[in-house]
Structure formats: structure tokens, C-alpha cells
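>>> Fold the stuff below for me.
(2 chains)
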Amino acid sequence: MKIKSTEIVDTFAEAFKMFGSRIIITAATKEWAMAAAQSITGFATSVIGCKCEAGIEKLIAADDSPDLRPGVSILLFAMDAESLGKRLMERIGQCVMTCPSTACYNGLDEGSPVTVGGQLRYFGDGYQISKVLGKNKLWRIPVMDGEFLIDDKFNVQESVGGGNLLILGKNQKATLRAASAATKAIRKLPDVILPFPNGVVRSGSKVGSRYKSLIASTNHLYCPTLRGAIEYSELDDGINSVLEIVIDGLSLAAVEAAMRVGITAAAKPGIKKISAGNYGGGLGQHHIHLHQLLASKDWSGEV
Amino acid sequence: MALKLNLHTQPDVPLEADCISPDKMQSLSKHEIEQLIIFHGNRQVPLKDFFECSGEFDGEINIDGDLSRIKHIGAAMSFGKITISGSVGIHTGAAMTGGEIIVEGDASDWLGPEMYGGKITVKGNAGHMVGSGYRGSTIGMQGGEIIVHGNVKNETGHVMRRGLIVVGGNSGDFTGVNMVAGTIIVLGEMGIRTGAGMKRGSIVCQTKSELLPTFTHSCDYQPLFLQHYFKYLKSIGLAINDSLFNGSFERWCGDSVELNRGEILLYAGK
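Prediction:
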């Protein structure tokens, strides 16, 4: 299968069951909301080393936000619900509560509740106040610029992590350009985030290492500098740069939609192939086949 | 189709009609509903002596007539909806745990005393002791919402512990007296001795008010949690001035004769 001159490899992305949450951060201005959003999503590229994966989903206009102030929507994922609850508490406590003028709300209507505000309230040292409006419980924690307002509970739901695309280009410049086009297109979609820097990862990994202490190591089959030095490489002649886009989403459909638009947007001159990473199919619960994605009747082919 | 009750005879003395509740009327036939016992003074009489009954109960009861001498409507109800087209007497919604009561006219004293949950909306005015505890009780309203679009009289939210009371007009004296927790919002003016003896909880008022000397000014700030309340109140049809959304409030803490953990928030302007 080809899109323009780019070959779409007949393979699949191996994605995993994760647990995800949506956090709505609001603040006095868009800039402060974004400052907190960037802080909470920092060092959250991969569960391999960061315990969670997170990214900014979208900006929220003041009229649409819970407290009529500008906001940012964050998606945060971890491997299980308990771990996700811990990450939420750590990150909201350290990155949102600390940021001037912010408030923090649960952004998922469904899922299982985990207590976050109900834990962070202890920072109030007994001066915290709870407010119940309808079914929603909020905590008011006194801080030096007034009060930090946070939902008592945040919902977490089963999600999908590790959807991915590998963009195989003739050089770094063309591959970067294609990856940027793909991330730009994917960011328009709801329910997904791209946890790596600017949405792209260059140090794709495989499971395990020749060093016992490492659980992951460089994906040597896709490293162009190793072609010729290793017995087998996935890279044909003329492929000199590979970039990966990793996609986490609140549902399999959301991840699939993101991969579709990503593939289409990345199929540019200078891109020889678009592939996907998998571990032989034995690890991930979801196998997302690239050809099936693009052959779907729901897909018009437009980005 | 909702069950319809029409008051055909005004009682000489107040009627006690706690049987007018979805909990008591569900699964009863029309005949059985007509035979439900109410108290006319100290006499037990069937409901049909005063109410004409029609329709079938489907979770909703609509009552027509001037019910200002009918007491205990919706007492202890846990689900369903009661709509009263006119005014209603005392103890309406007493100790209710769920469901909704809508009063198109006025409500008398003791509206929703010691209620645990559910919602009462009064389109007109209400009397004394809205959402209060009965005399001798240390805990009043423990949950739910009471929304009065008009004015209320004295001791609104007396010893309330949880829940929300909103007054679209003015409230009388001793608003939130001995309040334990919860939220009272008054969009008009409050009388004297607001929050006397309050332990915790929030009393919010759109206009400035003279407070007891046992309250201390903390600061002027924009309480973000009020955005949620004002947004909600606007969504249910209360007239919320847009300036409240961005305005500053004086925060007064008290009552220092008690825990001093309560707060009175008075709108201070932009």
C-alpha cells in the first residue's frame, strides 16, 4: 500500500491497556493555566522511566471551563488505576497547586473515582473547607494568593497507550518535517495526547537489553548508524533517519483515528516508509494494523 | 400521567398531611390514596374529605389549591416530585431525603427542616426557619438544596450542617444562626445578627451588612468556588448579576464565640 510515494508497511502497532484521566486546569489567564499544564506534563514521556505519560489535549475557552476562566485540558496515563491516582496526587500537588491562581477539576464524566483533592486537602493543615454542590465535592485549600480549588475525586478509565507510527525518511530534515506535520494533524483530535517532546521520539526502544539492569534499550533495528554493523536491519538503503510518534488515548477508536491522520499527514516527499512498532504481538492487548486502518470505510483519507 | 390532588374544601384548622408523599402513595390505587389518613386538627379523616384525586401516580404528584393551611406535605419523602401550584403550609419537606418539591407560590415557616437530601424550590417567599433544626436539635439541614426565589424571614439555616440554601430576595434576622457547616447565599439583603454562633460554613451576600463584633475581617478576594455556585444558580433561573462573577468579596471569619471557622462573604464590588 502506498500514499503518494510513501510505502505503508503491512504491519501493526502494538498498544497496551492503560488507565487514563483528564484534568482540567484553569487559571486567571491562559498563560498561567498553560504554565501549570506544562509543569504537570513535564517528565511524563514514558512509563518506562517516568511512571506515567501525559500531555496537553487542548485549550479550553473561558466560557466552556468549569469556573468560567481560561483552561487547559490534560490527559495523564499510567499502567493501573492505583498508580494513576498516586501520580495525579503528586503532580497536581507539586505542579498545579503551586502555580498562582490555578484550580483543578476532573474532566471525565465516566470511570472509577480516585481521591485526589480529598488527599491534597491535608496541605490545608486543618483550615481546608469542603463544598458540596449537587453531586460534586470541592476542596478549598488556603494558599498565599487566596485558595486552591480542586475536585475531591477524579475519574480514571481504561484507556489505550502506545499507539505508534514509525516514519522512515531519507534524511533528518525530511523526517522531522513529516513528523511535525503528523503531530500537528493529530493534535486537532480529541481524547489523545502525544507524550514525547513536541510529540515525537527519536530514541525508540525495544524490550530488554544486553545489560541486565535495563528493561528497555535502543531499537537497534531502526538505527541507521548500525546498518551494516548488525546482522539484520529494518532499514533499507536510502533510509537515514527514523522518528516515532507515540499516541495515548482514552479509547482505542481515538488512538486509531490519530494514527490514521498521522499516517496521511506524514506521507510526504522524502518519506520512504511509514511503519509501526510492535513486540511480535505477544505483549500488547491491542494490535492496530496500518493497512486495516487506512482501508476503513469510516476514513475519507482527508486530514 | 401524574397523580393530581385538588383541594376542594378549605380546612377550618390546619391539616397534617404527611401522607402526601411519593413514598406513601406509590403502588396505591386511586381508592387507596383517597382513604389515606390525614389529621384535621385532632380528628383523623380520609384524604378524600379535602382532596379530589385524579390521574395515576407515576412518581409525580401535582397539587392544586391554596395549601397554606396544609402541613407536612412531602415530609420524609425520598424520591419523586411534588408540584404545588399555590402556596403551602408549614413543615413542607421536613426531613426529606430525596426527590423534589416545587412550590409555585409562597411557603410558610419551617420549610425543609432537618432535610437530608433532595431539592425544594419556592417561586415566591418563605417564612421563618427555612432549612432549620427543630427547637432543641443541635443539627438542622444535613444535605440537599432549598431555593427560595423571594424573601425569607428569620433564622434561615439555623444549625444547618450541610447543603445549600439560596434566597433570591432578602433574609431576616439571624441568618445562619448556630450554623455548623453548609452554604447560605442571599442575593438581597440580610437582617441583623447574621451567623451568630456559627461554627463553620459559608454565608454569602450580595449586599453589605452590619456584622456582629465577634466577626473579623480576613481579606478582600475573589472566592473561586462561588463561580460554581453562581453559574449553577443562573442555570436554574435565578437573577445573578454578572458583576458577581468577577467581583471581589470581603471575607469575615467567625463566630469567635464558637470555633471561628465560619465565613461571611460580602460582595465588595469590582
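>>> Might you enumerate the residues of chain B proximal to chain A?
B:143, B:162-164, B:183, B:200, B:202, B:221-225, B:227-229, B:231-232, B:245, B:261, B:263 (Cβ under 8 Å from any Cβ of the partner chain). Heads up, the C-betas are built off the backbone N, CA and C, glycines and all.
>>> Sort out which of these are in helices and list them.
Among these, the members falling in helices are B:Phe225, B:Gln227, B:His228, B:Tyr229, B:Lys231, B:Tyr232, B:Phe245 (criterion: DSSP state H).
>>> What subset of these is buried?
Buried by 16 or more other Cβ atoms under 10 Å in any protein chain shown: B:Phe225, B:Gln227, B:His228, B:Tyr229, B:Tyr232, B:Phe245, out of these.
>>> now, among the ones in helices among the residues of chain B next to chain A, which is nearest to chain A?
B:Gln227 (4.2 Å; Cβ to the nearest Cβ).
>>> gap between the residue lying closest to the closest one once chain neighbours are set aside and B:Lys231?
Spatial nearest neighbour of B:Gln227, excluding adjacent residues (Cβ to Cβ, 6 or more residues apart in numbering or on different chains): A:Asp67 at 4.2 Å. As defined by Cβ to Cβ, to the nearest Å, A:Asp67 lies at a distance of 8 Å from B:Lys231.
>>> Spit out the residues that contact those two alike.
The contact sets of A:Asp67 and B:Lys231 do not overlap (Cβ atoms under 8 Å, 6 or more residues apart in numbering or on different chains).
>>> what's near enough to touch B:Ala2?
Here B:Ala2 is in contact with B:Gly55, B:Phe57, B:Asp58, B:Glu60, B:Ile61, B:Asn62, B:Thr83 (criterion: Cβ under 8 Å, 6+ apart).
>>> who wins for most neighbours among those?
For these, the largest neighbour count, defined by other Cβ atoms under 10 Å in any protein chain shown, is 26 neighbours, found at B:Ile61.
>>> what's near enough to touch that one?
Contacts for B:Ile61 were tallied using Cβ under 8 Å, 6+ apart; they are B:Ala2, B:Leu3, B:Lys4, B:Leu5, B:Ile20, B:Pro22, B:Met25, B:Gly80, B:Lys81, B:Ile82, B:Thr83.
>>> So which of the residues you listed is the closest to chain A?
B:Lys81 (16.8 Å).
>>> Look up the pLDDT of the closest one for me, please.
Per-residue pLDDT puts B:Lys81 at 98.
>>> before we move on, what about B:Met1?
For B:Met1, pLDDT reads 78.
>>> before we move on, what about A:Ser300?
Per-residue pLDDT puts A:Ser300 at 62.
>>> okay, now the closest residue in space to A:Gly146 that isn't next to it in sequence: neighbour count?
Among residues not flanking A:Gly146 along the chain, B:Tyr221 sits closest, at 4.9 Å (Cβ to Cβ, 6+ apart). Using other Cβ under 10 Å, the number of residues around B:Tyr221 comes to 15.
>>> need the contact list for B:Tyr221.
Neighbouring residues of B:Tyr221 by Cβ under 8 Å, 6+ apart: A:Gly146, A:Glu147, B:Ser248, B:Phe249, B:Arg251.
>>> give me the number of residues near the residue of the stretch 1-150 of chain A found nearest chain B?
Closest approach between the stretch 1-150 of chain A and chain B, counting by Cβ to the nearest Cβ: A:Asp67, at 4.2 Å. A:Asp67 sits with 21 neighbouring residues when counted by other Cβ under 10 Å.
>>> And for A:Asp236?
Around A:Asp236 there are 11 residues (other Cβ under 10 Å).
>>> Next one: it from A:Val242, what distance?
Distance, A:Asp236 to A:Val242, by Cβ to Cβ: 11 Å.
>>> All the helices of chain A, in order from the start?
With DSSP H as the criterion, chain A has helices spanning A:30-40, A:47-50, A:81-91, A:117-120, A:172-186, A:252-266, A:290-295.
>>> Tell me which of those is the most buried.
Counting by mean count of other Cβ atoms under 10 Å in any protein chain shown, helix A:252-266 has the highest mean neighbour count of the helices of chain A, with a mean of 23.
>>> That helix vs helix A:172-186, what angle?
Angle between the axes of helix A:252-266 and helix A:172-186 is 140 degrees (criterion: axes from the mean of the first three to the mean of the last three Cα atoms, to 10 degrees).
>>> just to revisit the earlier point, ok, so what distance separates the residue nearest to B:Gln227 from A:Leu120?
Distance, A:Asp67 to A:Leu120, using Cβ to Cβ: 17 Å.
>>> residue contacts, A:Glu53?
A:Glu53 neighbours (Cβ under 8 Å, 6+ apart): A:18, A:44-47, A:76-78, A:161, A:193, A:195, A:246, A:248.
>>> repeat that for 7 Å
When contacts are counted by Cβ atoms under 7 Å, 6 or more residues apart in numbering or on different chains, A:Glu53 touches A:Ala44, A:Thr45, A:Ser46, A:Val47, A:Phe77, A:Gly161, A:Pro195, A:Asp248.
>>> Mind listing the residues bridging to it?
A:Phe77 (DSSP bridges).
>>> And it, what's its pLDDT?
pLDDT recorded at A:Glu53 is 98.
>>> Okay, it and A:Val201: tell me how far apart.
Per Cβ to Cβ, A:Glu53 is found 11 Å from A:Val201.
>>> ditto for A:Leu165
11 Å.
>>> I'd say B:His91 and B:Lys71 touch.
Yes - counting by Cβ atoms under 7 Å, B:Lys71 is a contact partner of B:His91 at 5.0 Å.
>>> Which of the two has more residues huddled nearby?
Set B:His91 next to B:Lys71 and count neighbours by other Cβ under 10 Å: B:His91 wins out with 25 against 22.
>>> wait, what's in contact with the more buried one?
Going by Cβ under 7 Å, 6+ apart, B:His91 touches B:Lys71, B:His72, B:Ala75, B:Trp110, B:Pro113.
>>> let's see 10 Å
B:14, B:16-18, B:70-75, B:108-113, B:129, B:134 (Cβ atoms under 10 Å, 6 or more residues apart in numbering or on different chains).
>>> CA atoms only for stretch B:207-218, dumped as PDB, please.
This file holds the C-alpha atoms of stretch B:207-218, laid out as PDB (Å, rounded to 0.1, in the frame of the first residue of the first chain):
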ATOM      1  CA  THR B 207     -25.000  43.400  49.700                       C
ATOM      2  CA  LYS B 208     -23.000  44.700  52.600                       C
ATOM      3  CA  SER B 209     -24.300  44.000  56.100                       C
ATOM      4  CA  GLU B 210     -23.500  45.000  59.600                       C
ATOM      5  CA  LEU B 211     -22.000  42.100  61.300                       C
ATOM      6  CA  LEU B 212     -21.500  41.100  64.900                       C
ATOM      7  CA  PRO B 213     -18.300  42.300  66.600                       C
ATOM      8  CA  THR B 214     -17.300  38.700  67.000                       C
ATOM      9  CA  PHE B 215     -16.600  38.500  63.300                       C
ATOM     10  CA  THR B 216     -13.100  39.600  62.000                       C
ATOM     11  CA  HIS B 217     -12.300  40.900  58.500                       C
ATOM     12  CA  SER B 218      -9.800  38.500  56.900                       C
END
